[in-house]
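K.L.:
pasting the structure only:
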């Protein structure tokens, strides 16, 4: 499974990139084989200006042979936002796999 990170209006950070990869891999550790690609969008909605909840993380999960799943969250800190978004990703991925196993 391929993990891609897209940076928008935020300076690319090796530490944040590593955090994203670790969190996504952890979230999908038991179900990753059902998905082909993960695209993580990290964005500063205020483009460098300060403001509440201006850090956004959206994650698109691409299952093989099905429509993509998408989760997102906002907050004041990129690391926290990535963590909460990947928790949503984990729930969505497990729900997807459970639904498709029952078919």
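P.N.:
Here it is on my side, so go on. Just so you know, these numbers come straight off a predicted model, no measurement behind them. Residues are numbered from 1 along each chain as shown.

K.L.:
got any ranges where the protein has weak pLDDT?
P.N.:
Counting by pLDDT under 70, the chain shows low-confidence ranges at 48-51, 103.

K.L.:
centre-most residue in it?
P.N.:
Centrality entry for the chain: nearest residue to the mean C-alpha point is residue 59, 3.2 Å, by Cα atoms, centre = their mean.

K.L.:
mind checking the SS state of it?
P.N.:
Assigned by DSSP: H, G, I helix; E, B strand; the rest coil, the conformation of residue 59 is strand.

K.L.:
do you know how far it is from residue 6?
P.N.:
Applying Cβ to Cβ, to the nearest Å, the value for residue 59 to residue 6 is 11 Å. For every residue, glycine as well, the C-beta is placed using N, CA and C.

K.L.:
overlap in contacts of those two?
P.N.:
Common neighbours of residue 59 and residue 6, counting by Cβ atoms under 8 Å, 6 or more residues apart in numbering, are 39-41.

K.L.:
return the subset of those lying in strands.
P.N.:
39-41 (DSSP state E).

K.L.:
in which helix or strand would I find residue 88?
P.N.:
Residue 88 belongs to helix 78-101 when elements are defined using DSSP states H and E.

K.L.:
what is the burial count for the nearest residue to residue 86 once chain neighbours are set aside?
P.N.:
Excluding its sequence neighbours, the residue lying closest to residue 86 (Cβ to Cβ, 6 or more residues apart in numbering) is residue 23, at 4.0 Å. Using other Cβ atoms under 10 Å, residue 23 has 22 neighbouring residues.
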